[in-house]
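In: Generate coordinates for the sequence data below:
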Amino acid sequence: MSPAFGPVKDTLDPDLTIEGVDFKCPEKGCRQVQVRFGDGANAIYMPGLHVNEKTIKCKIPKYTKPDVLRVELTLNGDDYTNDNKTYGYYDPYVIDA
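Out: Take a look at the predicted model:
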């Protein structure tokens, strides 16, 4: 995954690139690709873009605090990966002015 971390409340709208193998969609058009950030009731779901059989992209969701969230994806809308990949949110601050 790239990037592996980014600032909390990023003012840009960055993409997350997930690289792997055999990203084959079960239906034409890959309309059910989704990326899940976090677990349980607090999970954030982002639509994914199937670039090719090795690459999925999605927008990185805004988040309110420094944290590390698991990132999993689905190609069919139901079955998610379980690879323990994570994305970290950090709170940027100035050390010396």
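In: Low-confidence regions, this structure specifically.
Out: 94-95, 97 (pLDDT under 70).
In: Which residue ranges of it form helices?
Out: For the chain, no helices turn up when DSSP state H is the criterion.
In: quick one, strands of the chain?
Out: Remark: strands assigned in the chain by DSSP state E are 5-7, 15-19, 34-37, 44-52, 55-59, 67-74, 85-90.
In: The longest one: how far from the chain's middle?
Out: The chain centroid and the centroid of strand 44-52 are separated by 8 Å, computed with C-alpha atoms, centre = their mean, to the nearest Å.
In: What pairs with that strand, parallel or antiparallel?
Out: Strand pairing for strand 44-52, using DSSP bridges, gives strand 34-37 (antiparallel), strand 55-59 (antiparallel).
In: Now do the contacts for the nearest residue to Leu49 once chain neighbours are set aside.
Out: Nearest non-adjacent residue to Leu49, counting by C-beta to C-beta, 6 or more residues apart in numbering: Lys57, 4.6 Å away. No exception for glycine: its C-beta is placed from N, CA and C like everyone else's. Counting by C-beta atoms under 8 Å, 6 or more residues apart in numbering, Lys57 touches Asp15, Leu16, Thr17, Ile18, Gly48, Leu49, Val51.
In: what about the residue nearest to Glu53 when sequence neighbours are not counted, neighbour count?
Out: Closest residue to Glu53 apart from its sequence neighbours, by C-beta to C-beta, 6+ apart: Phe23 at 5.1 Å. Number of residues near Phe23 (other C-beta atoms under 10 Å) recorded here: 19.
In: so who does Phe23 touch?
Out: Applying C-beta under 8 Å, 6+ apart, one finds that Phe23 lies in contact with His50, Asn52, Glu53, Lys54, Thr55, Ile56, Leu75.
In: now do Pro3
Out: So Pro3 contacts Pro14, Leu16 (C-beta under 8 Å, 6+ apart).
In: With Met1 instead?
Out: Contacts of Met1 (C-beta under 8 Å, 6+ apart): Leu16, Thr17, Ile18, Glu19, Val71, Lys85, Tyr87.
In: coming back round to it: go through the strands paired with strand 44-52 and pick out the most buried.
Out: Mean neighbour count (mean count of other C-beta atoms under 10 Å) peaks for strand 34-37 among the strands paired with strand 44-52, with a mean of 22.
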